[in-house]
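Asker: The following block contains a protein sequence and its predicted model.
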Amino acid sequence: MDYQTLVSDCVKSIPPSGIRKYFDFLDDQHISLGVGEPDFPTPERVRAYVAEKLNNGRVAYTSNSGEPRLRELILRYLEERYAISGYESIENILITVGASQAIDLAMRAILNPGDEVIVHEPVYVSYRPAIELAQGKPVTVVTRHEDRFRLRADALRAAITPKTKALLLAFPTNPTGAIMEQADLEAIADVVRDTDIIVITDEIYAELTFNGKHHHSFAALPGMRERTIVLNGFSKAFSMTGWRLGYAAGPQELIAAMRKVHQLTMLCAPTPAQWAGIASLEYGFEDGFADTRYMIDEYAVRRRFIIDAFNDMGLECNEPEGAFYVFPSVKSTGLTSEEFCDRLLESKKVVTVPGSAFGEAGEGHIRCCYATSMQDIEEAMRRIAAFLKEIR
């Protein structure tokens, strides 16, 4: 039997993740700057809270929308941390299996075949496939190094057509670490204000900002909450990647559509993960999110070191102000981004990710994650410097 004839044409046309190719090199021989995962454990008090709940007995389904207490806390969190207010009730919140599932649900809930979704690149690898699997058409808007990889309003305006259904914003951005200032978002709001375009904003790195910057949510701008689906989760800022806990917030009609897909495909997010989310937020409100602040302070030291190290090597590195990635240029080496990563891996056993994995606009760059120990970062920089001497 020829199984390839049985596989969906859409699935066959989608390349595998450019990140996962480098995910398997996690051993004592390799240093990985490739995986976007905090190296901090989930806080002990969160784990203890869940352990106590597990020891008390049965673990049952929650409602399709998620634990009411968790949704209440998320409403408070969005208002107090990001000034997103005005939601009528917890029915504006849907708990998902990570922010990744929320992306998929949003696309399947709003797209008809041929609808266009504008996506800025370079950007996270899952967005274009999520759009295509929902029978939509991704429309790329390139963000540029000289603009610090921010989305320009004039570039967005030029990409809009009568078929434009949505704009996907992802700031702070994986892989570039770019952020959008308030004025940047206001310019985007001016473009979409008189349209029916839905804005889907992935804010999974919202807590991770540097240089005194603070994340601004598009949904907090005047008149934008009504057209915005906010996606977020606990993986990055709460060091809960393996718990797979995310959420969506938005107009009840759109959340209800997403919930319909969710209840027929996933039913609910894992109950223990929802307990962990409750504990993370309750403890966070008590102590001003001390666990998150500790991680950010540690990341800030690593970030400064790795930026300076790449620039000292002659690999121009823009200064990212969000997330936990740097995106240095390797154009001066004469290698493509994939050639650079593959040869570095073979020669020095350092794992990085080619910028081309994040769209054609990422070519000429590599993504390095500094959510790993300073010891490993220092050794990785020594090995990369040695590699550059070999190839120059």
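Answerer: Perfect, thanks for sending it. Numbers count the residues shown, from 1 in each chain.
Asker: Could you use CA atoms for every contact and neighbour count after this?
Answerer: Will do.
Asker: Could you report the pLDDT at residue 152?
Answerer: Note on residue 152: pLDDT of 98.
Asker: To clarify, my last question referred to residue 174.
Answerer: Residue 174 is given a pLDDT of 97.
Asker: residue contacts, the residue nearest to residue 227 when sequence neighbours are not counted?
Answerer: Leaving out its chain neighbours, the residue that sits closest to residue 227 by C-alpha to C-alpha, 6 or more residues apart in numbering is residue 198, at 5.2 Å. Applying C-alpha atoms under 8 Å, 6 or more residues apart in numbering, we find residue 198 in contact with 165-167, 227-229.
Asker: so what secondary structure elements neighbour the helix or strand where residue 294 lies?
Answerer: Using DSSP states H and E, residue 294 maps to helix 290-313. For helix 290-313, the elements it packs on are strand 325-326, helix 374-391, judged by 3 or more C-alpha pairs under 8 Å, 6 or more residues apart in numbering; DSSP states H and E.
Asker: Please work out which of those is packed deepest.
Answerer: Compared across the helices and strands packed on helix 290-313, strand 325-326 shows the largest average neighbour count, a mean of 28 (mean count of other C-alpha atoms under 10 Å).
Asker: and the gap between the closest residue to residue 133 other than its chain neighbours and residue 110?
Answerer: Distances taken as C-alpha to C-alpha, 6+ apart place residue 10 nearest to residue 133, at 6.8 Å, with adjacent residues excluded. With the distance defined as C-alpha to C-alpha, to the nearest Å, residue 10 ends up 19 Å from residue 110.
Asker: Just the pLDDT for the closest residue to residue 176 other than its chain neighbours.
Answerer: Of all residues not flanking residue 176 in the chain, residue 327 sits nearest, at 5.3 Å (C-alpha to C-alpha, 6+ apart). Listed pLDDT for residue 327 reads 98.
Asker: Could you do residue 21 as well?
Answerer: On the pLDDT scale, residue 21 gets 65.
Asker: next one: the one 5 residues further on
Answerer: What the model reports for residue 26 is a pLDDT of 61.
Asker: Repeat that for residue 83.
Answerer: On the pLDDT scale, residue 83 is placed at 97.
Asker: so what's it up against?
Answerer: Per C-alpha under 8 Å, 6+ apart, neighbours of residue 83: 217, 220.
Asker: swap in residue 313?
Answerer: Applying C-alpha under 8 Å, 6+ apart, the residues near residue 313 are residue 385.
Asker: That one and residue 366: what is the separation?
Answerer: 14 Å.
Asker: distance of residue 133 from residue 219?
Answerer: 26 Å.
Asker: Same question for residue 183.
Answerer: Residue 183 is 14 Å from residue 219, by C-alpha to C-alpha.
Asker: Tell me which of the two has more neighbours.
Answerer: Just comparing residue 183 and residue 219: by other C-alpha atoms under 10 Å the higher neighbour count belongs to residue 219, 26 against 10.
Asker: ok, the residue nearest to the more buried one when sequence neighbours are not counted - how many residues close by?
Answerer: Nearest non-adjacent residue to residue 219, counting by C-alpha to C-alpha, 6+ apart: residue 225, 4.3 Å away. Residues lying near residue 225 (other C-alpha under 10 Å) number 21.
Asker: Quick check: end-to-end length of stretch 346-359?
Answerer: 24 Å.
Asker: Would you state the helices of the stretch 101-250 of the chain in chain order?
Answerer: 127-133, 153-159, 182-192 (DSSP state H, counting those that start in this stretch).
Asker: which residues are in contact with the last one?
Answerer: It refers to helix 182-192. By C-alpha under 8 Å, 6+ apart, the list of residues contacting helix 182-192 reads 150-153, 156-157, 216, 218, 221, 224.
Asker: same thing with the second one?
Answerer: Residues outside helix 153-159 that contact it (C-alpha under 8 Å, 6+ apart): 118, 139-141, 184, 187-188, 191.
Asker: Output the below-cut-off pLDDT ranges for the stretch 1-150 of the chain.
Answerer: 18-28 (pLDDT under 70).
Asker: ok, 90 please
Answerer: Along the stretch 1-150 of the chain, segments meeting pLDDT under 90 span 1-30, 34-36, 56-58.
Asker: Burial check on residue 318, number of neighbours?
Answerer: 20.
Asker: Next up, the contacts around it.
Answerer: Neighbours of residue 318 in contact, by C-alpha under 8 Å, 6+ apart: 145, 148, 307, 326-328.
Asker: Counting neighbours, which bits of stretch 196-214 end up buried?
Answerer: 197-210, 214 (16 or more other C-alpha atoms under 10 Å).
Asker: ok, now stretch 118-130?
Answerer: 118-125, 127-130.
Asker: Could you do stretch 215-225 as well?
Answerer: For stretch 215-225, using 16+ other C-alpha under 10 Å, the buried residues are 215-220, 224-225.
Asker: same question, stretch 266-285
Answerer: Neighbour-count burial for stretch 266-285 flags 267-284 (criterion: 16+ other C-alpha under 10 Å).
Asker: what residues does stretch 297-304 touch?
Answerer: 210, 324, 326, 370-371, 374, 377.
Asker: Output these as CSV; include the columns distance to residue 83.
Answerer: Below are those laid out as CSV (distance: C-alpha to C-alpha, whole Å):
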residue, distance to residue 83
210, 19
324, 24
326, 28
370, 29
371, 28
374, 34
377, 36
